[in-house]
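J.: Sequence unavailable; structure follows:
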């Protein structure tokens, strides 16, 4: 209750602070792009992170999605990963609403790298119920690179990279106070955020405090889903200097998440879920406590027409699981990570741009609890790379090479006189590369081709796990003999953009050697193997092939009308396997997302501007390509969700005072299960015969963004 009282006070503080802004408003490039991107033809003006410094999206051969600040702030979501999954080719593995893991083109977990504050986010992302410990309010814009990105980031970027970019630095001599208030009806979610940033004579800062809380969500089949409540608090700040010689920024952040653990147990007589008060904001047993601390020193020095980047970071992730006692944790992982990145970007040399450098990390993971799932370990990796780009008239070329080494040492552990984990060391290395071209076939039509080699070393869970995974209701056994995953991906893209119509076609073929996956184990007679009363899962590998792509069609026949459609598809198969184990686990269903947006008021000189009405459809097709061996997965029926949003800007003296968004998601209150929801495999309702827990029902929301 004390937490809720403090939250109410902070909500009021945000509102008061946001309404007393007297600083000069700055012109921020990302905000300008946010409005310009209503017409997809302007996508070609967007600058993204390429293999060699910054480059225009139009000239980048890789498939990249960009989410602008204006788009991001209007989204109603429960976490930052949930906010970006409407992008083509992007989906999420979920455990309720508080925990989401990104999936790109059918691959997730340690195959998707998340970059925040300039460094790779490390929070034990191998776990099913481990989310991304990032305050979504700190994210200014998002770049999603689809496909192997090992050139820039090394191991773990096999599927792609999600780059969360902060808001741009304020213009010289300006300051701004901003805030955010949000409420959602289905799970009573409340969120608030207070931000103060500025730039005075090159001294720059950007500080933010945020909080969020939610009780259990509900749907028409399950009622309240006990264990889905959560709350989070976050404090972050950047302080630094911007001078003609370059810049130096120090970012510090603290993030605390307390999510419940959904077990899905039911009353055998009524079929109802068991649990405490569904409308309570209290977090009941079992639950997690997750803390993430981070410090990043980001420096760039201009050397003539070139530049040197030196980045150092430290992260500490603490994760505790409480099962039977509020004061006595079972699992307790503490992970230390040191990140380093040094790279030099050359000046233009007859049209050639070259970037060279070295980056990597050191990790130490400790087991401090009374229960164990994965062993303690030390890890060190390093990668050297060189990339280049050049334009030849209509042809733009980019490519490079990288070599990585990784050493992992896992420590033994004895429990009750028996060896729980064995002591072992593994060394991994990978030579990766990429070459791509973009060719302007016509003024409005571009052809993109890219070939890339990816690499991923197995993580500690895949190699050494041996224990009950409380959040997943299963017992996991690792395989220390697993090899590194290595892939070849081929990308073909066509982009067309005109005044009233834009289209993008992105096709890919990805061939992965020694693809690692987990599956339910069975005895020779087909009966399920149980360990400590739980289904037993083991890690295995095989060669895989993933084919698919995304199509985007954007019609804007009128200045005030915008009609966009995206279709995503991936077919992920294990090669040389029988029918029941032919398809890779956790492959997202084909998906069609459609959005019609009409501006009732636009470019007004009055107190209200950019007033729009938006209707969206999210159609997930049937997924009957699933890993059926030993009932590891089941098919998932199709479903369609309808969403509506009304929003606009409230103006004051020609500048935005605030933006207000009213949203209704799943307006028909559809009961559905996403194929990547882990709650799909909870207990069967003995009364209705339905298996598992369903996703969120109808949800109304309001969001107010100040400053």
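T.: Thanks, I have it. Just so it is clear, the model here is predicted, and its values are computed rather than measured. Numbering: from 1, shown residues only.
J.: only C-alpha atoms for contact and neighbour calcs from this point on.
T.: Noted.
J.: Give the rounded mean pLDDT of the helix or strand hosting residue 541.
T.: Assignment of secondary structure by DSSP states H and E places residue 541 within strand 534-555. The average pLDDT within strand 534-555 is 95.
J.: Partner strands of that strand and their direction?
T.: Here strand 534-555 has these sheet partners by DSSP bridges: strand 474-477 (parallel), strand 501-520 (antiparallel), strand 530-531 (antiparallel), strand 561-574 (antiparallel).
J.: Mean pLDDT, distance to residue 629 and mean neighbour count added to the ones you listed, as a markdown table?
T.: Converted to a markdown table, those look like this (pLDDT from 0 to 100; distance: least, Cα to Cα, whole Å; neighbours: other Cα atoms under 10 Å):
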| stretch | mean pLDDT | distance to residue 629 | mean neighbour count |
| --- | --- | --- | --- |
| strand 474-477 | 90 | 16 | 22 |
| strand 501-520 | 95 | 8 | 20 |
| strand 530-531 | 90 | 16 | 15 |
| strand 561-574 | 96 | 12 | 21 |
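J.: For residue 61, which of those is the nearest?
T.: Minimum separation from residue 61 across the strands paired with strand 534-555 (Cα to Cα) falls at strand 501-520, 10.4 Å.
J.: any idea how far that closest one is from the chain center?
T.: Centroid separation for strand 501-520 versus its chain: 17 Å, with Cα atoms, centre = their mean, to the nearest Å.
J.: Same check on stretch 252-268?
T.: Remark: stretch 252-268 is offset 18 Å from the chain centroid, using Cα atoms, centre = their mean.
J.: in that stretch, what's buried?
T.: 252-266 (16 or more other Cα atoms under 10 Å).
J.: coming back round to it: out of the strands paired with strand 534-555, the one nearest residue 670 is which?
T.: For residue 670, the closest of these is strand 561-574, at 21.2 Å, according to Cα to Cα.
J.: Give me the residues contacting that closest one.
T.: 38-39, 88-89, 105-106, 542-556, 581-584, 587-599 (Cα atoms under 8 Å, 6 or more residues apart in numbering).
J.: mind running it again at 7 Å?
T.: Identification of contacts with strand 561-574 by Cα atoms under 7 Å, 6 or more residues apart in numbering yields 88-89, 105-106, 542-556, 582-584, 587, 590-599.
J.: which among those end up buried?
T.: Here, 16+ other Cα under 10 Å leaves 88-89, 105-106, 542-556, 582-584, 587, 590-599 buried among those.
J.: returning to that earlier point: would TSV of the strands paired with strand 534-555 with distance to residue 368 be doable?
T.: As requested, the strands paired with strand 534-555 are exported to TSV (distance: least, Cα to Cα, whole Å):
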stretch	distance to residue 368
strand 474-477	19
strand 501-520	26
strand 530-531	23
strand 561-574	38
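J.: Out of the ones you listed, the one nearest residue 397 is which?
T.: With Cα to Cα as the criterion, residue 397 lies closest to strand 501-520 of those, at 18.1 Å.
J.: which residues does the residue nearest to residue 210 when sequence neighbours are not counted bridge with?
T.: Distances taken as Cα to Cα, 6 or more residues apart in numbering place residue 193 nearest to residue 210, at 4.1 Å, with adjacent residues excluded. Here residue 193 sits in beta bridges with residue 180, residue 210, going by DSSP bridges.
J.: So residue 193 sits against residue 209, correct?
T.: Yes - using Cα atoms under 7 Å, residue 193 makes contact with residue 209 at a distance of 5.6 Å.
J.: out of these two, which sits in the more crowded spot?
T.: Neighbours per residue (other Cα atoms under 10 Å) separate residue 193 from residue 209, with residue 193 holding more: 28 against 22.
J.: Please report how far that one lies from residue 700.
T.: As for residue 193, its distance to residue 700 is 20 Å (criterion: Cα to Cα, to the nearest Å).
J.: number of nearby residues for the residue lying closest to residue 186 once chain neighbours are set aside?
T.: Residue nearest to residue 186 in three dimensions, not counting chain neighbours: residue 699, with 4.9 Å by Cα to Cα, 6+ apart. Using other Cα under 10 Å, the number of residues around residue 699 comes to 22.
J.: for residue 699, which residues make a bridge with it?
T.: Taking DSSP bridges, one obtains residue 665 as the residues bridged to residue 699.
J.: what residues are up against residue 242?
T.: Going by Cα under 7 Å, 6+ apart, residue 242 touches 202, 203, 248.
J.: That one belongs to a strand?
T.: Yes - assessed by DSSP: H, G, I helix; E, B strand; the rest coil, residue 242 belongs to a strand.
J.: bridging residues for it?
T.: With DSSP bridges as the rule, residue 242 is bridged to residue 247.
J.: what does the model give it for pLDDT?
T.: At residue 242, pLDDT is 97.
J.: Could you confirm residue 391 falls within a helix?
T.: No - using three-state DSSP, the secondary structure at residue 391 is strand, not a helix.
J.: and it, what does it touch?
T.: Contacts of residue 391 (Cα under 7 Å, 6+ apart): 351, 397.
J.: Low-confidence ranges, the stretch 1-150 of the chain, go.
T.: For the stretch 1-150 of the chain, the stretches with pLDDT under 70 are 1-55.
J.: any chance you could map the strands in the stretch 151-300 of the chain?
T.: Remark: strands assigned in the stretch 151-300 of the chain by DSSP state E, counting those that start in this stretch are 160-165, 174-184, 190-200, 203-214, 218-219, 223-224, 230-243, 246-259, 287-303.
J.: would a markdown table of these with distance to residue 351 be doable?
T.: Shown next, in a markdown table, are the strands of the stretch 151-300 of the chain (distance: least, Cα to Cα, whole Å):
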| stretch | distance to residue 351 |
| --- | --- |
| strand 160-165 | 27 |
| strand 174-184 | 37 |
| strand 190-200 | 34 |
| strand 203-214 | 34 |
| strand 218-219 | 58 |
| strand 223-224 | 61 |
| strand 230-243 | 27 |
| strand 246-259 | 23 |
| strand 287-303 | 18 |
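J.: among those, which is nearest residue 677?
T.: So among those, strand 218-219 is nearest, using Cα to Cα, at 14.6 Å.
J.: Parallel or antiparallel, which strands does that closest one pair with?
T.: Here strand 218-219 is paired, per DSSP bridges, with strand 223-224 (antiparallel).
J.: Let me see the mean pLDDT of the partner strand.
T.: Averaging pLDDT along strand 223-224 gives 96.
J.: so what's residue 418 bridging to?
T.: Beta bridges link residue 418 to residue 415 when assigned by DSSP bridges.
J.: what's the distance between it and residue 469?
T.: 20 Å.
J.: between the two, which one's more packed in?
T.: Set side by side, residue 418 and residue 469 show more neighbours around residue 469, with 19 against 8, by other Cα under 10 Å.
J.: In space, what's closest to that one - neighbours in sequence excluded?
T.: With sequence-adjacent residues excluded and distances taken as Cα to Cα, 6+ apart, residue 469 is closest to residue 475, at 5.8 Å.
J.: For residue 390, which non-adjacent residue is spatially closest?
T.: Using Cα to Cα, 6+ apart, the nearest residue to residue 390 is residue 352, at 4.8 Å.
J.: what about the one you found, neighbour count?
T.: When neighbours are counted by other Cα under 10 Å, residue 352 comes out with 14.
J.: And stretch 172-190, what's buried?
T.: Using 16+ other Cα under 10 Å as the test for burial, stretch 172-190 gives 174-184, 186-190.
J.: cool, and stretch 362-369?
T.: For stretch 362-369, the neighbour count (16+ other Cα under 10 Å) marks 362, 363, 364, 365, 366, 367, 368 as buried.
J.: which residues does the residue nearest to residue 210 contact?
T.: 14, 137, 179, 180, 181, 208, 209, 210, 211.
J.: at 8 Å instead, please
T.: 11, 14, 137, 179, 180, 181, 208, 209, 210, 211.
J.: any chance of these in a markdown table, plus distance to residue 441?
T.: Formatted as a markdown table, these follow (distance: Cα to Cα, whole Å):
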| residue | distance to residue 441 |
| --- | --- |
| 11 | 53 |
| 14 | 51 |
| 137 | 40 |
| 179 | 46 |
| 180 | 45 |
| 181 | 47 |
| 208 | 46 |
| 209 | 49 |
| 210 | 48 |
| 211 | 49 |
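J.: Thanks a lot, catch you later.
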